[in-house]
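>>> Structure of the sequence below:
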Amino acid sequence: MNITNSKINFHETELHLLKEKAVWAPAHKAIFIADLHFGKAAHFRKSGIPIPEPIHSQDLLNLEFLINQYHPQTVYFLGDLFHSDWNGQWEVLNVFLGQFEQVNFHLVLGNHDILPTMIYDHSTFEIHDKPLEVGNLILSHEPLEEISINRLNLCGHIHPGIRLVGKARQSIRLSCFFYSPNQLILPAFGAFTGLAMMKPKADDQIFGITKEKVIPILS
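Next up, the predicted model:
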């Protein structure tokens, strides 16, 4: 495995880590995204918490940018696409994605993807309830504990973040890509999500995400 700036080469599979919190794999013409949590604002409103719906608008704009920029054949969502119970934003998401007729959308189900099977059957997505292999990549929502030595697990669920501390005790929290041997945990794509601060070990690599670029922090 070779790392150069924001690119990983894993057994000849090239993965570009994007500041939009996604991964682009040119050989597969595929984009990988984790933890969109679309519809979460409406879910909170149903519980009496006044979260405005436009909080998700930037997520759709970012997704549209990625599709127009990279022209993928396939977009893989690594779980927690939609936040729990059905609400009207599910239709908003499907109508939005339906305009990209040249793209195939796949969903590897996560713990928040709990909509009835019938709803998924009539959606834009091809659904996978088990880890999915794409070349030498294994796609899952939660990080896999056992991974073959020649496979790389792309996953989400954790919402990884890193806290950087300056000399004057100032600090900043960033979303990040978290690489450990045979596993790459993607940041949460959705804007309405939290961060889990990661504690890297000696063999881990962290790629912090700013508005301008992805930056290797530890190697």
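>>> can you pull out the helices in this structure?
40-46, 57-70, 89-98, 117-121 (DSSP state H).
>>> Let me know whether L144 touches H157 as I believe.
No: taking contacts as CB atoms under 8 Å, L144 lies outside contact range of H157: 10.8 Å. Yep, even glycine has a C-beta here, placed from its N, CA and C like the rest.
>>> Same drill for those two, tell me which one is more crowded.
Higher neighbour count among L144 and H157: H157, with 21 against 17, using other CB atoms under 10 Å.
>>> give the contact list for the more buried one.
34-35, 79-80, 110-111, 141-143, 185 (CB atoms under 8 Å, 6 or more residues apart in numbering).
>>> okay, among these, which ones form the most distant pair?
N111 and I185 (15.1 Å; CB to CB).
>>> Excluding sequence neighbours, find me the nearest residue to L109.
The shortest distance from L109 to any non-neighbouring residue, by CB to CB, 6 or more residues apart in numbering, is to D129 (5.1 Å).
>>> do I209 as well
Leaving aside its chain neighbours, I209 sits nearest to S175 (4.7 Å; criterion: CB to CB, 6+ apart).
>>> wait, what's in contact with the one you found?
Residues counted as contacts of S175 (CB under 8 Å, 6+ apart) are 21, 159-161, 187-188, 195, 208-209.
>>> Show me what it bridges to in the sheet.
Counting by DSSP bridges, S175 is bridged to G161.
>>> and the gap between P181 and L152?
For P181, the distance to L152 (CB to CB, to the nearest Å) stands at 9 Å.
>>> Of these two, which one has the most company?
Higher neighbour count among P181 and L152: L152, with 22 against 12, using other CB under 10 Å.
>>> Could you check how far that one is from S140?
As judged by CB to CB, L152 and S140 stand 11 Å apart.
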